[in-house]
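> Predicted model, plus sequence, below.
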Amino acid sequence: MKHGRRSRWAELRRAETAVTLKAAAWLLVQLDALPGYRCRPRPLRADQLQHLDVEAVELLARLGVLKDSGSAAERC
């Protein structure tokens, strides 16, 4: 491995962490738990949903965060 490059495991872990933080921000915004939050979090992409478990996808779909909730739940 070259200096400065991430391993495949490190890249996967980084992607999982990013999706988890993004989903958590959406949940807090939807529950009005972030009163000083200036803007909405970035939307979750379809390729990021593979890092979430089924319960998280269903919860985000119920809160209206996911645009295409039916196919997103089927992917997981």
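Looks like it arrived, so ask away. Predicted model, so just to flag it, every value in this text is computed and none were measured.
> any idea which element the spatially most central residue of the chain lies in?
Nearest residue to the geometric centre of the chain (CA atoms, centre = their mean): Val19, 3.3 Å. If you go by DSSP states H and E, Val19 is part of helix 8-30.
> which helices and strands does that helix pack with?
helix 54-62 (3 or more CB pairs under 8 Å, 6 or more residues apart in numbering; DSSP states H and E). Yep, even glycine has a C-beta here, placed from its N, CA and C like the rest.
> and the helix it packs on, how far out from the chain's middle?
Chain-centre distance of helix 54-62: 10 Å, with CA atoms, centre = their mean, to the nearest Å.
> CA atoms only: put it into CSV for me.
The C-alpha coordinates for helix 54-62 follow below in CSV (Å, rounded to 0.1, in the frame of the first residue of the first chain):
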residue,chain,number,x,y,z
VAL,A,54,-33.6,-2.0,7.4
GLU,A,55,-34.9,-0.3,10.5
ALA,A,56,-33.0,2.9,9.8
VAL,A,57,-34.3,3.0,6.2
GLU,A,58,-37.9,2.4,7.4
LEU,A,59,-37.6,5.2,10.0
LEU,A,60,-36.2,7.7,7.5
ALA,A,61,-38.9,6.8,5.0
ARG,A,62,-41.7,7.3,7.6
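> residues of that helix that come out buried?
For helix 54-62, the neighbour count (16 or more other CB atoms under 10 Å) marks 56-61 as buried.
> pLDDT added to those residues, as CSV?
Output for the buried residues of helix 54-62, formatted as CSV (pLDDT from 0 to 100):
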residue, pLDDT
Ala56, 90
Val57, 90
Glu58, 92
Leu59, 89
Leu60, 89
Ala61, 90
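> Pick out the most distant pair among those.
Spanning the widest gap among the buried residues of helix 54-62 are Ala56 and Ala61, at 9.6 Å by CB to CB.
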